[in-house]
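In: Let me see the structure of the following:
(one chain, ligands or ions: 1)
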Amino acid sequence: MRTAFFHDERCFWHGGGNYALTLPVGGLVQPGGGLPESPETKRRLLNLMRVTGLLAEVDAGSAPAATREDLARVHPDRYLDAFKAASDRSGGELGLRAPFGPGGYEIAALSAGLAKAALFAVLEGRAENAYALSRPPGHHCLPDWPNGFCLLNNIAIAIRAAQAAGLVQRIAVVDWDVHHGNGTEAIFLDDPRVLTLSIHQEFNYPLDTGGVLTRGAEGANINVPLPPGCGEESYLEVWDRIVAPALARHAPEAIVIACGFDASAMDPLGRMLLRGESYRALTHRAMAAAGALCGGRLALVHEGGYSEVHVPFCGHAVIEALSGASASAPDPLGATIGARQPGARWVAGVSDYIGALAAEFGL
Ligand code: ZN
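Out: Numbering: from 1, shown residues only. Here you go, the predicted structure:
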């Protein structure tokens, strides 16, 4: 069995809105630039995989869009109807920083379909592990309120579909996107079968969620807000002292990673210091946890990450690790970022904080 990799050119055609970075154009904000959530971060990852040969070492292909029934397990009809109607007209924007163009509904359903296909491939034993190059992303989307570039909650749609199909009940979502996975948290907050664990930069987006006190039913929600400036060492310590024991305690039948790359040192919307090797190391830890706890069943779904140059190398490292492929694409920024990791005293302070959080969560 190999790694399954789901992608579709149509996901790169999603667009809309008139922004310069995250600012609406107007007043003193000159038009141009566009939202940081551009197709190029993802398309360049796919292109890099073609160039290195990695794409030929995985089982790559597209997947059907998620069905209306799939979407409706997570999102209310009134939101889906409003989204579809606006998408059929000329596109628009229904929430906060989540614009879409004509046909955006179908593209978002396809993005969710890629996530569903990845999870199903793993649960049905057709792939050793899987990656979905979903776009638009999903982890911010609440049931009835799209936000933060997210129009449908891809991972939640995939999990609810898998539960409805009788493929899984207990499952865990680990979100290493630099932003809080507020949508995923909200959707599963009352469901103790689904552990949601988000590692994110504190006081980034959204400002009003992601605190340690939001614990969910039976404590099955864990937030790890980190100060800006954390590097590889702190992230791996969070995995070893919080994520790994939390997963072991939950005993999931499968693990899903909300795989954002905006904790990259080069990201315009994050202030963390990760590089390709950091993501490779995190992926190896996720694989080890899945191997120990749930027969290796591991699916990754692409979320944020806005450095068009750096994301492809971080993503390549993740998919190399997943597949054990011989193709490689060494991170050309790796040495530079490695030399700029925080100093020992700073890391020690964060380590104390991580220890306090672990104690707070009873780990
Ligand atoms: Zn993000």
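
In: can you give me the strands in this protein?
Out: Using DSSP state E, the strands of the chain run over 3-6, 19-20, 23-24, 59-61, 92-93, 99-100, 129-132, 171-175, 194-201, 221-226, 255-259, 298-302.

In: Ala117: which of these is closest?
Out: Within these, the stretch nearest Ala117 is strand 3-6; the backing value is 5.0 Å (C-beta to C-beta). (Glycine included, C-beta is placed from N, CA and C.)

In: name the helices or strands packed onto the closest one?
Out: Packing contacts for strand 3-6, counted by 3 or more C-beta pairs under 8 Å, 6 or more residues apart in numbering; DSSP states H and E, involve strand 59-61, helix 104-123, strand 129-132, helix 311-323.

In: The third one packs against which elements?
Out: For strand 129-132, the helices and strands in contact under the criterion 3+ C-beta pairs under 8 Å, 6+ apart are strand 3-6, helix 104-123, strand 298-302, helix 311-323.

In: The residue in the stretch 151-300 of the chain that the ion sits nearest to: what's it in contact with?
Out: In the stretch 151-300 of the chain, the residue that lies nearest the ion is His179 (3.6 Å; C-beta to the ion). Neighbour list for His179: 139-140, 148, 200-201, 204-206, 260, 262, 269-270, 304 [criterion: C-beta atoms under 8 Å, 6 or more residues apart in numbering].

In: Report how many residues lie close to Leu142.
Out: Close neighbours of Leu142, defined as other C-beta atoms under 10 Å, add up to 20.

In: Of the contacts of His179, just say which sits nearest to Pro39.
Out: Nearest to Pro39 among these, with distances taken as C-beta to C-beta, is Gly304, at 13.5 Å.

In: quick revisit: identify the residues contacting the nearest residue to the residue of the stretch 151-300 of the chain closest to the ion once chain neighbours are set aside.
Out: Take His179 and drop its neighbours on the chain: the residue closest to it by C-beta to C-beta, 6 or more residues apart in numbering is Tyr205, 4.8 Å away. Applying C-beta under 8 Å, 6+ apart to Tyr205 gives the contacts His140, Gly148, His179, His180, Leu269.

In: that older thread, now the residue of the stretch 151-300 of the chain closest to the ion: phi and psi?
Out: phi -100, psi 160 (degrees, to the nearest 10).

In: isn't Gly219 right next to Phe361, touching?
Out: Yes. With contact taken as C-beta atoms under 8 Å, Gly219 and Phe361 are classed as touching, separated by 7.4 Å.
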